[in-house]
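K.L.:
model the following, please.
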Amino acid sequence: MPHKTSKMIFAALAMLMLATRLAAADARLLGRWRVTVIHGAAHFDPAKTLVEFAANGRFASTIGCNRIFGAPTLKDGAISFGGMGVTRRACPGPLAGTETAYLAALEATRTYSLTGSNLALFGEGGDRLVTLTRTK
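P.N.:
Numbers count the residues shown, from 1 in each chain. Predicted structure coming up:
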């Protein structure tokens with residue numbers, strides 16, 4: 001019985017650490033955003049996009065077709081979106097290419113910068129890949 005109790009305590013501590021992960025890393029990211037610029041994708045409707053960073057460390061996003069979800073890694077201004085899950089709907093027309101460009105931009109993201117209500121995601125060489133604007 002003590003072994004089972006130890007596992008339960010460990011699981012509870014792990015969940016508590018996950019729940020405070022994003023808030024501790026950078027609480028300024030918490031909330032909802034709209035994608036306004038995607039490097040390599042000119043045609044999309046920002047009003048149909050959504051990005052949400054939750055206090056439990058989870059990330060959810062869409063640009064109007066599939067859902068993208070996971071838990072980015074944040075540390076000292078660095079961010080990594082590796083290992084994101086994606087639903088598998090067929091996106092209509094040019095939205096498929098836009099989504100591919102967005103997913104590639106997330107995968108290539110290494111750092112971020114907050115200026116006012118804008119969040120910029122940057123690649124390895126400092127090139128801006130995605131720009132987001134806070135909605136609430």
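K.L.:
this structure: helices as residue ranges?
P.N.:
According to DSSP state H, the chain carries its helices in the segments 2-19, 21-26, 95-108.
K.L.:
comparing these by mean pLDDT, which bottoms out?
P.N.:
Of all the helices of the chain, the minimum mean pLDDT falls on helix 2-19 (a mean of 52).
K.L.:
quick one: contacts for the spatially closest residue to C65 that is not a sequence neighbour?
P.N.:
What sits nearest to C65 in space, not counting adjacent residues and going by C-beta to C-beta, 6 or more residues apart in numbering, is C91, at 3.8 Å. Where you see a C-beta, it was placed from the backbone N, CA and C, and this is true even at glycine. Going by C-beta atoms under 8 Å, 6 or more residues apart in numbering, C91 touches G64, C65, N66, T98, E99.
K.L.:
can we see that at 10 Å?
P.N.:
With contact set as C-beta atoms under 10 Å, 6 or more residues apart in numbering, C91 has these partners: I63, G64, C65, N66, G97, T98, E99, T100.
K.L.:
ditto for D26
P.N.:
F53, L74, K75, D76, G77, I79, Y112, L114.
K.L.:
how does it look with 6 Å?
P.N.:
L74 (C-beta atoms under 6 Å, 6 or more residues apart in numbering).
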